[in-house]
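**Student:** Return a 3D structure for these sequence lines:
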Amino acid sequence: MQAIRSILVVVDPDQPDGLALKRARLIASVTQSHLHLLACEKRGDFSAQLEETTGALLQEGFSASCRQAWKDSLHHTIIAEQQAEGCGLVIKQHSPDNPLKKALLTPDDWKLLRYCPAPVLLVKTEQPWAGRNILAAVDVGNNDAEHRTLHAGIVSHAYDIAGLAHGQLHVISAHPSPMLSAADPTFQLSETIEAKYREACRAFQAEYGVDDEHLHIEEGPADVLIPSTAHHLDTAVTVIGTVARTGFSGALIGNTAEVVLDALESDILVLKPDDIIAHLEELVAQR
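**Tutor:** Numbers count the residues shown, from 1 in each chain. Model prediction:
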């Protein structure tokens, strides 16, 4: 998080000083990042409103710029601008999708989570972050190199946000139910599965000072446990990852981030592994 030099803030030109910009100002006040405001609009000219908001940011001491653009669709517009400006983080306000519409059409924010090469922070609430819990959701049952790198990034970003917000870092990993037919005896008992998962967490517990009280290893589906734990902890931000098949443009192996998006009451930061980001950047370049 500290390495982010430029933040793309998706703004509603009718309400330019919205929730996304409030979160961006908080992050930029600590990281000294440049704020690039983007209005994704093809109807009318909103340059006056954007320039007024940008001018206010400049007067407050922020580095800021703005642009109105439209390219085929909302997520294509955001991603094209993120690549053009070299932004290391995208911040956008999220509104719950109509269930019927979601059943028929892939929501815009799902597409953004799938295809954006940069981390995406979706802001869901106006509640302040200060002094509240930050939850990092990892799947330590997948222990290949790609997932280990992703887990490290998730916990690292959550740690940075906890420091930024003067809050407490918590980590959750959901594990499967025991199966008596499992070839590995470890997976035949809940106690041995939990012990295996806790052992997999030891490295980042030591690095980021996460004690056992702040490590939540729970049995059950991740898409249920993550929102319930976030609710119980009154989490301000939930940090989660997605892993895509690089051979398919953004199809998710596990779409937990999408499933929990509307169920979570907190803001949500979604990260991807480096090789997925590189693949998505190639796709953007081909457009």
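
**Student:** mind showing which ranges of the stretch 101-250 of the chain have poor pLDDT?
**Tutor:** For the stretch 101-250 of the chain, the stretches with pLDDT under 70 are 101-105, 178-189, 243-250.

**Student:** could you pull out the strands for it?
**Tutor:** Assignment of strands within the stretch 101-250 of the chain using DSSP state E, counting those that start in this stretch yields the ranges 120-123, 133-137, 169-175, 215-219, 235-241.

**Student:** Including mean neighbour count, could these go into TSV?
**Tutor:** In short, each C-beta sits where N, CA and C put it, glycine included. Rendered in TSV, the data for those read as follows (neighbours: other Cβ atoms under 10 Å):
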stretch	mean neighbour count
strand 120-123	25
strand 133-137	28
strand 169-175	23
strand 215-219	17
strand 235-241	27
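
**Student:** would you list those in a markdown table and tack on distance to I277?
**Tutor:** A markdown table is the format used below for the strands of the stretch 101-250 of the chain (distance: least, Cβ to Cβ, whole Å):
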| stretch | distance to I277 |
| --- | --- |
| strand 120-123 | 12 |
| strand 133-137 | 19 |
| strand 169-175 | 23 |
| strand 215-219 | 28 |
| strand 235-241 | 12 |
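
**Student:** Tell me which of the ones you listed lies nearest to L261.
**Tutor:** Checking these against L261 by Cβ to Cβ gives strand 120-123 as the closest, at 6.9 Å.

**Student:** what packs against that closest one?
**Tutor:** The contact analysis (3 or more Cβ pairs under 8 Å, 6 or more residues apart in numbering; DSSP states H and E) places strand 120-123 against helix 19-31, strand 89-93, helix 108-115, strand 267-271.

**Student:** How far does the lengthiest helix in the chain sit from its chain's centre?
**Tutor:** Ordering each helix of the chain by length in residues (DSSP state H) puts helix 145-165 first. Computed by Cα atoms, centre = their mean, to the nearest Å, the separation of helix 145-165 from the middle of its chain amounts to 11 Å.

**Student:** Alpha carbons only: can I get it in PDB?
**Tutor:** The C-alpha coordinates for helix 145-165 follow below in PDB (Å, rounded to 0.1, in the frame of the first residue of the first chain):
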ATOM      1  CA  ALA A 145       3.700 -20.600  -4.800                       C
ATOM      2  CA  GLU A 146       1.100 -18.400  -6.600                       C
ATOM      3  CA  HIS A 147      -1.300 -18.600  -3.600                       C
ATOM      4  CA  ARG A 148       1.500 -18.100  -1.000                       C
ATOM      5  CA  THR A 149       2.500 -14.900  -2.800                       C
ATOM      6  CA  LEU A 150      -1.100 -13.800  -3.000                       C
ATOM      7  CA  HIS A 151      -1.600 -14.500   0.700                       C
ATOM      8  CA  ALA A 152       1.500 -12.500   1.600                       C
ATOM      9  CA  GLY A 153       0.100  -9.600  -0.400                       C
ATOM     10  CA  ILE A 154      -3.300  -9.800   1.200                       C
ATOM     11  CA  VAL A 155      -1.900  -9.800   4.700                       C
ATOM     12  CA  SER A 156       0.600  -7.100   3.900                       C
ATOM     13  CA  HIS A 157      -2.100  -4.700   2.400                       C
ATOM     14  CA  ALA A 158      -4.400  -5.400   5.400                       C
ATOM     15  CA  TYR A 159      -1.500  -4.700   7.800                       C
ATOM     16  CA  ASP A 160      -0.900  -1.400   6.000                       C
ATOM     17  CA  ILE A 161      -4.500  -0.400   6.200                       C
ATOM     18  CA  ALA A 162      -4.700  -1.300   9.900                       C
ATOM     19  CA  GLY A 163      -1.700   1.000  10.500                       C
ATOM     20  CA  LEU A 164      -3.300   3.700   8.400                       C
ATOM     21  CA  ALA A 165      -6.600   3.400  10.300                       C
END
